[in-house]
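Engineer: 3D model of this:
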Amino acid sequence: MIQRGNPDAFEQIFNKYKNEAVRTAYLITGKRSICEDIAQEAFIKCLKHIEKLKNPGGFRAWFFRILTRTAWKYGRAAGREVPTEEPAEKAGQSGLDLLGEQYFAFEESRFLYSEINRLEPKQKTAIILYYFNGLSTKEIAKISGCLEGTVKSRLFTARKKLKCGLDSFYHSGKERGINAGYKAV
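Structural biologist: Purely as a prediction, here's the structure:
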C-alpha cells in the first residue's frame, strides 16, 4: 500500500499511469517539451501528499486532479503553442505522399486537434478526460472539483463548439472538392 510508504506500490502506480499522464499533460498544454515534466511533478505531488487521500479506491480521480491542475499551471506559465510535429512527419511521409481519403483524414484530425486547443481550459480538460482518458462525468467532476452537472454542461458546450468548427471544415472542403462522401457528424 502506497500510503504506508511501500516503494513497490508507488512503482506499480507509476508504471500503470505514466503513459496516460504524459499523454494527458500533452493534450492539455499542447507542448511536447513539458508534458513529461508535468507528469513527473504530478507524481511527486502525489507521493508527497498521499496521506491526504482518504479513499484509496478514488486514487485515479485524485491523481488526475493533481495532474490537470499542474498542467493548467504550466500551460498558463508557458502560454499556448501549436504542436509542430505532424503525424505524417512521425511516419516519415510528407503530406503530399498521403492520398485522397488518407490525406483528408489527416487534415481532419489536425483540424479537430486545433479546435480542441481553442476551447477554454476547463472545457478542453473535460473533453480530454472524457474522450481520451475514458473517465466518467462523475470522475471528471471529482477531478475538477465541481458538480457532475457542470461537467456535463462543459462537455455539451465543447461538443457544440467542436461541431461548429467541423461543420465549417467540411463545408470548406466541399468548396474545394476534397471531401466527397464525408459529412459532419
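Engineer: And the pLDDT at the closest residue to residue 49 other than its chain neighbours?
Structural biologist: What sits nearest to residue 49 in space, not counting adjacent residues and going by CB to CB, 6 or more residues apart in numbering, is residue 66, at 7.9 Å. Yep, even glycine has a C-beta here, placed from its N, CA and C like the rest. Listed pLDDT for residue 66 reads 93.
Engineer: likewise the one 10 residues further on?
Structural biologist: You'll see residue 76 listed with a pLDDT of 74.
Engineer: ok, now how distant is it from residue 168?
Structural biologist: Separation of residue 76 from residue 168 (CB to CB, to the nearest Å): 28 Å.
Engineer: Quick check: residue 24 touching residue 129?
Structural biologist: Yes: at 7.3 Å, residue 24 counts as touching residue 129 under the criterion of CB atoms under 8 Å.
Engineer: Give me the common contacts of those two.
Structural biologist: Shared contacts of residue 24 and residue 129, defined by CB atoms under 8 Å, 6 or more residues apart in numbering, comprise 64, 68.
Engineer: what's stretch 66-77 in contact with?
Structural biologist: 21, 24-25, 28-31, 34, 37-39, 41-42, 45-46, 49, 121, 125, 129, 143-144.
Engineer: Helices along this protein, start to end?
Structural biologist: 7-29, 32-48, 59-78, 87-90, 100-118, 121-127, 137-144, 148-176 (DSSP state H).
Engineer: most packed of those?
Structural biologist: Mean neighbour count (mean count of other CB atoms under 10 Å) peaks for helix 121-127 among the helices of the chain, with a mean of 21.
Engineer: Output the below-cut-off pLDDT ranges for the protein.
Structural biologist: Within the chain, the segments meeting pLDDT under 70 span 1-7, 77-107, 172-185.
Engineer: let's see it at 80
Structural biologist: 1-10, 56, 75-110, 169-185 (pLDDT under 80).
Engineer: I'd guessed residue 117 sits against residue 28; true?
Structural biologist: No: using CB under 8 Å, residue 117 is not in contact with residue 28, being 9.7 Å away.
Engineer: Find residues that contact each of those two.
Structural biologist: residue 124.
Engineer: now residue 18, nearest residue through space, not along the chain?
Structural biologist: The nearest residue in space to residue 18 (CB to CB, 6+ apart) is residue 39, at 6.5 Å.
Engineer: Could you do residue 32 as well?
Structural biologist: Closest residue to residue 32 in three dimensions, ignoring its sequence neighbours and counting by CB to CB, 6+ apart: residue 26, at 5.9 Å.
Engineer: Would you mind confirming that the one you found makes contact with residue 37?
Structural biologist: No: taking contacts as CB under 8 Å, residue 26 lies outside contact range of residue 37: 11.1 Å.
Engineer: Now do stretch 125-138: distance from first to last residue.
Structural biologist: 14 Å (CA to CA, to the nearest Å).
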